[in-house]
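**Q** requesting a structural model of the entry that follows:
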Amino acid sequence: MPLDPQTGAILRPCILLISPQNSYRIPPYLNAAKQLGIDAIVVSQGEYSLVSSVASGIHVNFSNANEAFNIITTALADQQVLAVIGTDDQTVTLSSRLSQYFGLQHNDPAASKLTRRKDLARKHLAEKSHSDVCIHIPAYKKIAINILMQEQYTSVEFPCVIKPLSLSGSRGVIKAANPDELLKACIQIDTILEREGSTGDERTHVIVEHYIPGYEYAYEGLLCDGELTRLALFDKPDLMEGPYFEETYYITPSRLDDSTQTQIHQAVQQACDIYGLKQGPVHAEVRLFQGQVWLMEMASRTIGGDCGQLIEFVTGKTIEMLVIEQAMGKDIEIPQARYAAGVMMMPAQEHGILRRVEGILAANKIAGIEKIEVTIPTGYEIMPLPEGFSYLGFIFAKAAEPAQVEQALRQAWANLKIVTSPVLPVI
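**A** This is a model prediction of the structure:
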């Protein structure tokens, strides 16, 4: 085992997971580390990281990045860190700083920050684009939501889409057809940001961009020394036209022709190059409109929800395992897809208290359905978009062809009935 050159102490190898306390990505990463025989230390802002039976951990305050950085580096002085992984948008910048400190493969922290701030990302892409770039971004502007004066939206082209600067999962993303709807959307988003506890520009401003029509696709990849390898391209067969942009079906492999799939890959690679991303997972959302690829979002972390399980369905290897191995500098060989697979993210369709989900037994009997997971416990409050941010659960399917997967998912969802009760005010 390697020794500390100053003290002679044994340096214990481990990986770091930098993660919010309530992240659903923690268990899959811990399971992958266990399968690989590697110790994992969870750095978080909450109790999860301190439960020794689950994983050893370090408790930090993510709102003070410099203090968190110093606490982590001091605590790990006697350990050999093999990889640092930021599981969610709000931790990728700190993860990049730590990877840099430990001498590991890393993205520049400034590049990581671009992937979690929509305004900075749009500005950077607009400034760095040139005639050879095949990725496009909507016209946009940044506005203050608490002083929505007329001059702020006179130059807005309608329809438009209003987005918080840093929230993910379509939370707070609202389409507006005119100035009145824009004002109403900003009032809604203001409430969401207040509840979220956002600060600074992320609390007081939003980005307003021209609405781009067309079908949307999700790209999942891994960067190694700046070269992007595709893990999966997902079709989203439901046309997402607003006013809210609820994720529903993800199907892979994509049914797009090879030329268009190559065009999307090249566009995402160019976006990574412009951002300055070099290492680790990439999740991108794009739209196809008038034969061009339009970048909606890009993040330097894995796909959200439990959708990462689709990678395992089609390749036999979890996305978390691939990310850990790549972060440790191992050569990654992506297994060939053996099946078509898909997921239906069950939306909260109305505000209420979840009582039960009926029809699961019948839905599970449909050919191609692999499993149905209800992830919100009975008795919990559920809320639809744009305020809500949690799905009720996930329906997974696998078949020989993508069309069979989509049919199975739609049939299964049609069999389910979500039973809720009203949320009673507390007096």
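
**Q** show me where this structure has helices.
**A** 26-35, 65-75, 92-101, 109-114, 118-128, 150-153, 179-196, 201-204, 258-275, 309-315, 319-327, 360-364, 402-415 (DSSP state H).

**Q** which of those helices sits closest to Glu370?
**A** Closest to Glu370 of the helices of the chain, according to CB to CB: helix 309-315, at 7.1 Å. C-betas here are computed from N, CA, C, even on glycine.

**Q** so which elements touch that closest one?
**A** Contacting helix 309-315 under the criterion 3 or more CB pairs under 8 Å, 6 or more residues apart in numbering; DSSP states H and E are the following elements: strand 227-236, strand 249-252, helix 319-327, strand 340-346, strand 393-399.

**Q** go again using 7 Å as the cut-off
**A** Contacting helix 309-315 under the criterion 3 or more CB pairs under 7 Å, 6 or more residues apart in numbering; DSSP states H and E are the following elements: strand 227-236, strand 249-252, strand 340-346.

**Q** now those strands as a markdown table including mean pLDDT?
**A** Rendered in a markdown table, the data for those read as follows (pLDDT from 0 to 100):
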| stretch | mean pLDDT |
| --- | --- |
| strand 227-236 | 95 |
| strand 249-252 | 96 |
| strand 340-346 | 95 |
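
**Q** need the winner for burial among those strands.
**A** By mean neighbour count, with neighbours taken as mean count of other CB atoms under 10 Å, strand 340-346 ranks first of the helices and strands packed on helix 309-315 at a mean of 25.

**Q** what does it contact?
**A** The contact list for strand 340-346, computed with CB atoms under 7 Å, 6 or more residues apart in numbering, reads 247-253, 305, 307, 310, 313-314, 391-402, 404-406, 409, 413.

**Q** just the buried residues of the residues you listed.
**A** The neighbour-count test (16 or more other CB atoms under 10 Å) applied to the contacts of strand 340-346 identifies 247-253, 305, 307, 310, 313-314, 391-399, 402, 404-406, 409, 413 as buried.

**Q** coming back round to it: of all the helices of the chain, which one comes closest to Ala348?
**A** Nearest of the helices of the chain to Ala348, taken as CB to CB: helix 402-415 at 13.6 Å.

**Q** re earlier: I'd like the helices and strands packed on helix 309-315 laid out as TSV, including distance to Ala267.
**A** As requested, the helices and strands packed on helix 309-315 are exported to TSV (distance: least, CB to CB, whole Å):
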stretch	distance to Ala267
strand 227-236	11
strand 249-252	18
strand 340-346	23
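
**Q** quick one: which of those is nearest Asp89?
**A** Set against Asp89 and scored by CB to CB, the helices and strands packed on helix 309-315 come closest in strand 340-346, at 17.9 Å.

**Q** each with direction, which strands does that closest one pair with?
**A** According to DSSP bridges, strand 340-346 forms sheet pairs with strand 249-252 (antiparallel), strand 393-399 (antiparallel).

**Q** which ones are touching Val405?
**A** Residues near Val405 by CB under 7 Å, 6+ apart: 251, 340-342, 368, 397-399.

**Q** rewinding a little: mean pLDDT and distance to Glu381 added to the helices of the chain, as TSV?
**A** Shown next, in TSV, are these (pLDDT from 0 to 100; distance: least, CB to CB, whole Å):
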stretch	mean pLDDT	distance to Glu381
helix 26-35	92	23
helix 65-75	94	31
helix 92-101	96	29
helix 109-114	95	33
helix 118-128	93	28
helix 150-153	68	34
helix 179-196	92	13
helix 201-204	94	24
helix 258-275	96	37
helix 309-315	83	26
helix 319-327	93	29
helix 360-364	97	21
helix 402-415	98	22
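
**Q** tabulate these in a markdown table, adding columns for distance to Phe234.
**A** As requested, these are exported to a markdown table (distance: least, CB to CB, whole Å):
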| stretch | distance to Phe234 |
| --- | --- |
| helix 26-35 | 18 |
| helix 65-75 | 32 |
| helix 92-101 | 21 |
| helix 109-114 | 23 |
| helix 118-128 | 21 |
| helix 150-153 | 34 |
| helix 179-196 | 26 |
| helix 201-204 | 28 |
| helix 258-275 | 11 |
| helix 309-315 | 8 |
| helix 319-327 | 12 |
| helix 360-364 | 21 |
| helix 402-415 | 10 |
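
**Q** got the domain ranges for this structure?
**A** The record's domain parsing of the chain by automatic domain parsing lists 12-104, 116-130+213-338, 139-210, 339-427.

**Q** possible to save these as a markdown table with distance to Ala110?
**A** Converted to a markdown table, those look like this (distance: least, CB to CB, whole Å):
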| stretch | distance to Ala110 |
| --- | --- |
| domain 12-104 | 8 |
| domain 116-130+213-338 | 7 |
| domain 139-210 | 16 |
| domain 339-427 | 27 |
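
**Q** against Thr229, how distant is the nearest residue to Ile332 once chain neighbours are set aside?
**A** Across the structure, with CB to CB, 6 or more residues apart in numbering as the measure, the residue nearest Ile332 apart from its sequence neighbours is Gln326 (5.0 Å). Gln326 is 9 Å from Thr229, where distance means CB to CB, to the nearest Å.

**Q** and for the two, which residues touch both?
**A** For the pair Gln326 and Thr229, residues contacting each of them under the criterion CB under 7 Å, 6+ apart are Leu222.

**Q** circling back: ok, which of the helices of the chain comes nearest Gly221?
**A** Where the helices of the chain are weighed against each other on CB to CB, the nearest is helix 258-275, at 6.7 Å.

**Q** give me the contacts around that closest one.
**A** Residues from elsewhere that reach helix 258-275 (CB under 7 Å, 6+ apart): 111, 114-115, 124-125, 128, 133-135, 217, 219, 221, 223, 228, 230, 233, 254, 282, 284, 286, 293, 295, 298.

**Q** report the buried residues of it.
**A** Applying 16+ other CB under 10 Å to helix 258-275 flags 261, 263-265, 267-272, 274-275 as buried.

**Q** could I get the residues you listed as a markdown table with distance to Asn146?
**A** Output for the buried residues of helix 258-275, formatted as a markdown table (distance: CB to CB, whole Å):
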| residue | distance to Asn146 |
| --- | --- |
| Gln261 | 43 |
| Gln263 | 41 |
| Ile264 | 38 |
| His265 | 41 |
| Ala267 | 35 |
| Val268 | 35 |
| Gln269 | 39 |
| Gln270 | 36 |
| Ala271 | 31 |
| Cys272 | 35 |
| Ile274 | 32 |
| Tyr275 | 30 |
